[in-house]
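**Student:** 3D model of this:
(one chain, ligands or ions: 1)
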Amino acid sequence: MSLKNKKILIGLTGGIAIYKIASLVRRLTKDYNCDVNIIMTKSAKEFMTPLIFETFSGNKVLFDMFDKDRVVSTRHIDLVSQSDLFLVAPATANIVGKVANGIADDLLSTMLMTSKPEKTFFALAMNKNMYHNPFFTMNKKKLYKNGYNIIEPEKGQLATNIEGEGIGRLADEKVIIDSLFSTNNKFLDGKNILITGGPTREYIDSVRFISNPSTGKMGIALAKSAKKLGGNVKLILGPTSILPPTNIDTTSVISSENMKKAVFEQFDWADIVIMSAAVEDIKPTNKILNKIKKTDIPKSINLTKTEDILLKLGEQKQNQLLVGFSVETENTIKNSINKLIKKNLDFIILNNPNESGAGFGNDTNRVTIITKNEEIIEKELMTKDELSDEIFKIISNNLP
Ligand SMILES: Cc1cc2nc3c(=O)[nH]c(=O)nc-3n(C[C@H](O)[C@H](O)[C@H](O)COP(=O)(O)O)c2cc1C
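**Tutor:** Below you'll find the predicted structure:
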């Protein structure tokens, strides 16, 4: 299960960063199709009116504990139990203090009192002196110890020039979404995920080889994301200087032959296979064992195609969900759909290395994800870590 279609409660408290939550609500409702209900404290309403939140969420904003219009007197409490997540953002020092000390003197704090800690998040935002206040620190620790989720603020420019730089700025929207997504949505729990990454080297002699500029960053990012989402992850990585995290079971390979062998050894184990490796398409027909001397360098070498591992996987797949990457610079969509069909894939992820920030070696990528039903999902330019989360969110909706 992903963040998609979740029922989310958002408590708004009285901090300057409240304006950022309008965009978050829009993102959750528009991109993730979440049903968002909002509660505002009395102070929060001093900063912004409920109208914008009502417009973006499509639901009436709640703020009055003794609202005369409500139909059922316990509706507010019911909303908590019916919701998947409860986020307080921005979370003031005051609301943290109230929850940590069992105070329920308005609608938000009363609703929080009935919420399970593991589904409750506080995205902190405050002045740096408030953040370092010893009572606040104690209250925050209390919440943390009792299983509540704390989204720490970031360092940076605070609201006013007088406050200057320091810790206290509300975490980025992306960080908040990731926290909601990863803490509560271990939707790959129990799933076996096999990921390949990096280039392969096809040796001409003992020191020279044919390869490509892949660095394995995409494969490593996918492996990290799958691990974070609760999956059992195996990474098969071609030669690269980038080290994968030590908590990921990694097999290093050199050639396309090695890659094929390693992949097929794990294929039966896997529920999901993502081939992000840039397996070299060509190899010398004959490999020379020793180093060719300068004086003996041949005018040409004969080349042979390497085996298409993805095609073979597609032919042999049983229940595995199979994802391939394609690198195309012309007729990109048409060529990728042809590959998807020919190789019996469930998804193909198209990247065009001619686009700026996309493809080999970059920390970012811009891809188009094409599903088995030929649905085309264009993603904006983002980091490979972000993209990996996005890919798994899309895959998660297609898991058996
Ligand atoms: C301009 C202004 C900005 C404020 N910003 C913050 C803030 O970022 N974080 C915070 O904890 N309190 C902030 N406060 C103080 C809270 O609004 C105050 O403690 C209030 O009682 C919080 O109420 P609530 O937690 O019920 O919303 C600010 C106050 C003002 C006047």
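**Student:** against residue 144, how distant is the nearest residue to residue 179 once chain neighbours are set aside?
**Tutor:** With C-beta to C-beta, 6 or more residues apart in numbering as the criterion, residue 179 has its nearest non-adjacent residue at 5.0 Å, and that residue is residue 151. For every residue, glycine as well, the C-beta is placed using N, CA and C. According to C-beta to C-beta, to the nearest Å, residue 151 and residue 144 sit 11 Å apart.
**Student:** more crowded one of these two?
**Tutor:** residue 151 (23 against 14; other C-beta atoms under 10 Å).
**Student:** I figured that one hits residue 140, correct?
**Tutor:** No. Residue 151 is not in contact with residue 140 according to C-beta atoms under 8 Å; the separation is 11.3 Å.
**Student:** what residues are shared contacts of those two?
**Tutor:** Counting by C-beta atoms under 8 Å, 6 or more residues apart in numbering, the contacts common to residue 151 and residue 140 are residue 124.
**Student:** could I get the buried residue list for stretch 130-144?
**Tutor:** Neighbour counts over stretch 130-144 (16 or more other C-beta atoms under 10 Å) mark 130-131, 133, 136, 139-140, 143 as buried.
**Student:** using CSV, write down the CA coordinates of it.
**Tutor:** The C-alpha trace of stretch 130-144 is given here as CSV (Å, rounded to 0.1, in the frame of the first residue of the first chain):
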residue,chain,number,x,y,z
MET,A,130,12.5,27.9,21.4
TYR,A,131,14.0,24.8,19.7
HIS,A,132,16.9,24.8,22.2
ASN,A,133,14.6,25.5,25.2
PRO,A,134,15.2,22.7,27.8
PHE,A,135,11.5,22.2,28.5
PHE,A,136,10.8,21.9,24.8
THR,A,137,13.6,19.4,24.4
MET,A,138,12.2,17.3,27.3
ASN,A,139,8.7,17.3,25.8
LYS,A,140,10.0,16.4,22.4
LYS,A,141,12.0,13.4,23.9
LYS,A,142,8.8,12.3,25.7
LEU,A,143,6.9,12.2,22.4
TYR,A,144,9.7,10.3,20.7
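**Student:** does that stretch reach the ligand?
**Tutor:** Yes. Contact between stretch 130-144 and the ligand, assessed by C-beta under 6 Å from any ligand atom, occurs at residue 130.
**Student:** chain center to that stretch, what's the gap?
**Tutor:** Averaging C-alpha positions (C-alpha atoms, centre = their mean, to the nearest Å) puts stretch 130-144 29 Å from its chain's average.
**Student:** what's that stretch in contact with?
**Tutor:** Here stretch 130-144 makes contact (C-beta under 8 Å, 6+ apart) with 93, 96-97, 99-101, 117, 122, 124, 126, 150, 153, 166-168.
**Student:** quick one, which of those residues are buried?
**Tutor:** Buried by 16+ other C-beta under 10 Å: 93, 96-97, 99-100, 117, 122, 124, 126, 150, 153, 166-168, out of the contacts of stretch 130-144.
**Student:** among those, which are in reach of the ligand?
**Tutor:** Near the ligand, by the rule C-beta under 6 Å from any ligand atom, you find 93, 126 out of those.
**Student:** for the buried ones among the contacts of stretch 130-144, which one is nearest residue 258?
**Tutor:** Comparing these against residue 258 with C-beta to C-beta places residue 150 closest, at 44.3 Å.
**Student:** OK, contacts around that closest one?
**Tutor:** Residue 150 makes contacts with 121-122, 124, 140, 143-144, as judged by C-beta under 8 Å, 6+ apart.
**Student:** with respect to pLDDT, which of those ranks lowest?
**Tutor:** Across those, the bottom pLDDT score, 82, is held by residue 144.
**Student:** angles on the backbone of that residue, please.
**Tutor:** Dihedral pair for residue 144: phi -60, psi -50, per degrees, to the nearest 10.
**Student:** measure it to the ligand for me?
**Tutor:** From residue 144 over to the ligand the distance is 17 Å, taken as C-beta to the nearest ligand atom, to the nearest Å.
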